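> dropping a prediction and its sequence here:
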Amino acid sequence: MSQLKYARYGKDNIRLYKVDKDEKTGIQSVVEMTICILLEGDIETSYTQADNSVVVATDTQKQTCYILAKQHPVTPPELFASIVGTHFIETYPHIHAAHVKIIQHRWTRMSVDGKPHPHSFYRDGEEVRVVESVAREGEGISLRSKIEKLLVLKSTGSAFYGFHRDEYTQLPETWDRILSTEVEAGWKWKLFKSLNEVKAVAPKFDEAWHAAREITLQTFATDNSASVQNTMYKMCDQILASVRLIDAVDYSLPNKHYFEIDLSWHKGLKNTGKDATVYAPQSNPNGLIQCTVTRKEPKTKL
Ligand SMILES: O=c1[nH]c(=O)c2[nH]c(=O)[nH]c2[nH]1
């Protein structure tokens, strides 16, 4: 005999575009997102007994997404994810949790003749803004916001020395190296008890995203980096200090290596150490450094 241990189902890769047209000014604003919905609840019999009566069809979930996007704001994505998730747990008594992930793609307004264009946009990089939400009956709405695919590089201002050495170590110490990574940064919000609680703080989501992005870029640029580990910890620390409603910050940073090339075999060309200007970017392997930072637990007085 077997038993169903895990069951979630839904629609992935729902692509959605919404335009806001300001009739007075003629200025239009656009949002494009990719959504994944996964539902949990009393749905076992659909797997074990071919009982489709408990199935809210994945096509229905997609259509619901479009209708809710028409009726509600789709930004900030944290709010829209909460609206979609709450809809499913409130509409269907046998659905007890809704996982909604939103990936928001970049459409940045064009400047034409030095002026913001009213209806033309361009994709300035593959960076995305991501929200992972869970609306759970009787508990509330948990939200995690993320920056993903933000590619950065600094050509100096990064060192790596003093690391453990033994008979397996070949890597030389360096006081000046290239540092490049694709930022994946996340921040976990305190649990919201209801959709109304999410609505009440809606402006905070964009503020937090701007703060996390600014802190990431500024710290990356200005920190005289001792290691990826230390630089990312400084980022986490500042984000926690600047956004009151979050409980934890996490980073996952690949260390994208750029190798020096010894060209001395060709007429004594100098291209190593302080003379290095031409490098070989590596696609793999890469370092991968991760951390989660929370607020210090207050010491309880006895
Ligand atoms: O910042 C770094 N952290 C490491 O842990 C590490 N390991 C390595 O080979 N290079 C680096 N760089």
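Received the coordinates, thanks.
> this structure: helices as residue ranges?
44-48, 58-71, 77-91, 195-200, 202-222, 228-242 (DSSP state H).
> between the ones you listed, which one is closest to the ligand.
The ligand lies closest, by Cβ to the nearest ligand atom, to one member of these: helix 228-242, at 3.7 Å. C-beta: built from backbone N, CA, C; applies to glycine.
> which strands and helices sit next to the closest one?
In terms of contacts (3 or more Cβ pairs under 8 Å, 6 or more residues apart in numbering; DSSP states H and E), helix 228-242 is packed against strand 179-189, helix 202-222, strand 246-255, strand 287-294.
> hang on, the earlier thing: most tightly surrounded among the helices of the chain?
helix 77-91 (a mean of 23; mean count of other Cβ atoms under 10 Å).
> got the contact list for that one?
33, 35, 37, 39, 56, 61, 64-65, 68-69, 72-74, 95-102, 104, 129-131, 133-137, 141, 143, 145, 189, 192, 195, 198-199, 202, 205 (Cβ atoms under 8 Å, 6 or more residues apart in numbering).
> contact partners for the residue in the stretch 1-150 of the chain that the ligand sits nearest to?
Taking Cβ to the nearest ligand atom as the measure, the point where the stretch 1-150 of the chain comes nearest the ligand is residue 150, at 17.9 Å. Residues near residue 150 by Cβ under 8 Å, 6+ apart: 125, 127, 182, 183, 185, 213, 216.
> among these, which ones are buried?
Among the contacts of residue 150, the ones that count as buried by 16 or more other Cβ atoms under 10 Å are 127, 182, 183, 185, 213, 216.
> for residue 179, give the beta-bridge partners.
Applying DSSP bridges to residue 179 gives these bridge partners: residue 154.
> shouldn't it be in contact with residue 159?
No - if you go by Cβ atoms under 8 Å, residue 179 and residue 159 don't touch, sitting 9.3 Å apart.
> please identify which of the two sits among more neighbours.
Taking neighbours as other Cβ atoms under 10 Å, residue 179 and residue 159 compare with residue 179 leading, 24 against 16.
> ok, that one - contacts?
Residue 179 neighbours (Cβ under 8 Å, 6+ apart): 153, 154, 157, 158, 220, 225, 228, 255.
> adding distance to the ligand and pLDDT, write those out as CSV.
As requested, the contacts of residue 179 are arranged in CSV below (distance: Cβ to the nearest ligand atom, whole Å; pLDDT from 0 to 100):
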residue, distance to the ligand, pLDDT
153, 14, 98
154, 13, 98
157, 13, 98
158, 8, 98
220, 13, 98
225, 7, 98
228, 4, 98
255, 5, 98
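> pipe those residues into JSON lines and attach distance to residue 166 per row.
Listed next are the contacts of residue 179 as JSON lines, based on distance: Cβ to Cβ, whole Å:
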{"residue": "153", "distance to residue 166": "31"}
{"residue": "154", "distance to residue 166": "30"}
{"residue": "157", "distance to residue 166": "29"}
{"residue": "158", "distance to residue 166": "24"}
{"residue": "220", "distance to residue 166": "31"}
{"residue": "225", "distance to residue 166": "24"}
{"residue": "228", "distance to residue 166": "21"}
{"residue": "255", "distance to residue 166": "21"}
